[in-house]
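[1] got a sequence here, can you model it:
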Amino acid sequence: MDMQKQPQQPQRQPQTQHPEGCLVVAIRIPVRVFVFLVVLPVRVLWDVLAAVARFLGRYVLAPVVRAIGRILYLLLVVPLIWLYRHLLTPLGHALAWLYARVLTPIGHALAWLCTRVLISTGHALGWLYTRVLTPIGHALVWLLTPLAKGVARALDMLGAALYWTARVLLVLPALALWRWILAPAGRVLGIVLKEIGEALGHAWRAAGYVVRAAGRVLGTLFRWIFREPARWVYRTVLTPVGHVVRDLVLRPAAEAARAIGRAVRQARADLRRALFGEPSRPAPVDRREPRGRGTRTLDG
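    Numbering: from 1, shown residues only. Predicted coordinates for the structure are as follows:
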């Protein structure tokens with residue numbers, strides 16, 4: 001007897017479920033019923049089209065796609081390979097030789113010339129910047145600084161006026177519209193769309209169950225109405241009849257045909273002997289090895 005006490009497991013607190021609102025309950029049931037009635041024919045059509053698509057993709061589209069791929073390979077890939085091998089590759093080698101022997105020396109010469117020109121131009125621009133543009137820039141800064149401060153102050157006052165005007169005329173009415181009209185309407189619309197989505201999901205799954213059940217019922221009916229009677233007729237009627245026909249008709253007919261054939265061949269042979277006599281038989285040829293000392297052996 002175990003003297004140690006089992007540790008007591010803490011009891012799980014039951015999860016509290018939030019009660020759904022009256023609006024959700026009032027919307028859910030009619031929406032789900034309506035959506036189920038709408039989705040059921042769509043699901044049936046979907047399953048039928050899926051079966052047809054699987055059949056076509058397995059027995060029709062796959063050979064057609066393979067044939068089209070073979071034709072495209074012969075019409076496009078093979079000419080492109082030939083063009084690359086016999087035209088583009090020699091042209092590329094010629095261009096590479098031209099680049100290495102002609103364009104590269106010309107490029108080096110142009111680079112040296114451009115470097116000299118840029119260095120000279122840089123020196124001239126540096127002298128111009130130091131001796132001419134820098135003094136002019138200092139003078140313009142000294143003249144335009146007060147004007148810039150005045151313009152900035154005017155722009156600040158204009159921006160403040162535009163801000164408060166836009167806040168009073170646009171922002172506050174937009175906030176009120178959002179808070180008191182659009183947000184409640186959005187919550188109601190969200191609840192409706194959520195219920196419609198859940199109803200579509202439930203209806204699609206229920207329609208699938210209905211379609212599968214209908215398929216099983218139709219399969220069972222087809223089996224009991226057509227396949228099982230056909231199997232019973234084949235096993236109990238057609239097979240014994242076939243055996244009787246084979247034993248009483250076909251086999252005697254075959255034996256009679258073989259006997260007639262033998263009789264016809266014999267009659268033709270008798271008629272040939274009566275008209276032309278017995279055919280001459282070829283003389284027998286002695287193919288035996290010679291005996292005695294002259295007998296050939298494997299040694300010579």
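
[2] low pLDDT regions in the stretch 1-150 of the chain?
    1-25 (pLDDT under 70).

[3] the same query, at a cut-off of 80, please.
    1-40, 55, 57-62, 144, 147 (pLDDT under 80).

[4] same question, the stretch 151-300 of the chain
    267-268, 270-300.

[5] helices along the stretch 51-200 of the chain, start to end?
    62-72, 78-83, 89-98, 104-128, 134-166, 172-177, 183-222 (DSSP state H, counting those that start in this stretch).

[6] correct me, but residue 196 touches residue 31?
    Yes. Contact criterion CB atoms under 8 Å: residue 196 and residue 31 qualify, at 5.7 Å. From N, CA and C alone the C-beta is placed, and that goes for glycine too.

[7] and the one helix or strand residue 242 maps to, how far out from the chain middle?
    Under the criterion of DSSP states H and E, residue 242 resides in helix 239-245. Distance of helix 239-245 from the chain centroid (CA atoms, centre = their mean, to the nearest Å) equals 53 Å.

[8] same check on stretch 223-239?
    The answer for stretch 223-239 is 43 Å, by CA atoms, centre = their mean.

[9] and what of stretch 67-81?
    For stretch 67-81 - counting by CA atoms, centre = their mean - the centre lies 22 Å from the chain centre.

[10] picking up where we left off before, among the helices of the stretch 51-200 of the chain, which is nearest residue 45?
    helix 183-222 (9.9 Å; CB to CB).

[11] please spell out which residues along the helix or strand that that closest one is followed by are buried.
    Next along the chain after helix 183-222, taking DSSP H and E as the criterion, comes helix 228-233. Within helix 228-233, not a single residue qualifies as buried, counting by 16 or more other CB atoms under 10 Å.

[12] contacts for helix 228-233, please.
    For helix 228-233, there are no surrounding residues in contact (CB atoms under 8 Å, 6 or more residues apart in numbering).

[13] and the helices of the stretch 51-200 of the chain, which is most packed in?
    Among those, helix 183-222 has the highest mean neighbour count (mean count of other CB atoms under 10 Å), at a mean of 13.

[14] for it, packing partners?
    Judged by 3 or more CB pairs under 8 Å, 6 or more residues apart in numbering; DSSP states H and E, the packing partners of helix 183-222 are helix 22-56.

[15] quick one: buried residues of the helix it packs on?
    Those would be 27-28, 31-32, 35-36, 39-40, 43-44, 47, for helix 22-56 by 16+ other CB under 10 Å.

[16] and these, which is closest to residue 181?
    Taking the buried residues of helix 22-56 together and measuring to residue 181 by CB to CB, the closest member is residue 27, at 20.6 Å.

[17] separation between the closest one and residue 33?
    12 Å (CB to CB, to the nearest Å).

[18] and if you look at residue 212?
    Residue 212 is 21 Å from residue 33, by CB to CB.

[19] sorry, back to before: mind putting the buried residues of helix 22-56 into a markdown table with distance to residue 256?
    As requested, the buried residues of helix 22-56 are exported to a markdown table (distance: CB to CB, whole Å):
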| residue | distance to residue 256 |
| --- | --- |
| 27 | 86 |
| 28 | 83 |
| 31 | 81 |
| 32 | 77 |
| 35 | 75 |
| 36 | 72 |
| 39 | 70 |
| 40 | 66 |
| 43 | 64 |
| 44 | 60 |
| 47 | 58 |
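
[20] and which of those is nearest to residue 133?
    residue 27 (75.3 Å).

[21] who are the neighbours in contact with the nearest residue to the closest one once chain neighbours are set aside?
    Computed as CB to CB, 6 or more residues apart in numbering, the closest residue to residue 27 that is not its neighbour in sequence is residue 195, at 5.0 Å. For residue 195, the contact set (CB under 8 Å, 6+ apart) comprises 24, 27-28, 31-32.

[22] show me how far stretch 90-103 is from its chain's centre.
    So, by CA atoms, centre = their mean, the centroid of stretch 90-103 is 44 Å from its chain's centroid.

[23] let me fix that: stretch 146-153
    In terms of CA atoms, centre = their mean, the centre of stretch 146-153 is set 66 Å apart from its chain centre.

[24] sorry, back to before: only alpha carbons, please: show the helix holding residue 242 as CSV.
    Taking Å, rounded to 0.1, in the frame of the first residue of the first chain, the C-alpha atoms of helix 239-245 are listed here in CSV:
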residue,chain,number,x,y,z
THR,A,239,-21.4,-18.1,-68.4
PRO,A,240,-23.4,-21.4,-68.4
VAL,A,241,-24.8,-20.5,-71.8
GLY,A,242,-21.3,-19.8,-73.1
HIS,A,243,-20.1,-23.1,-71.8
VAL,A,244,-23.0,-24.9,-73.5
VAL,A,245,-22.4,-23.1,-76.8
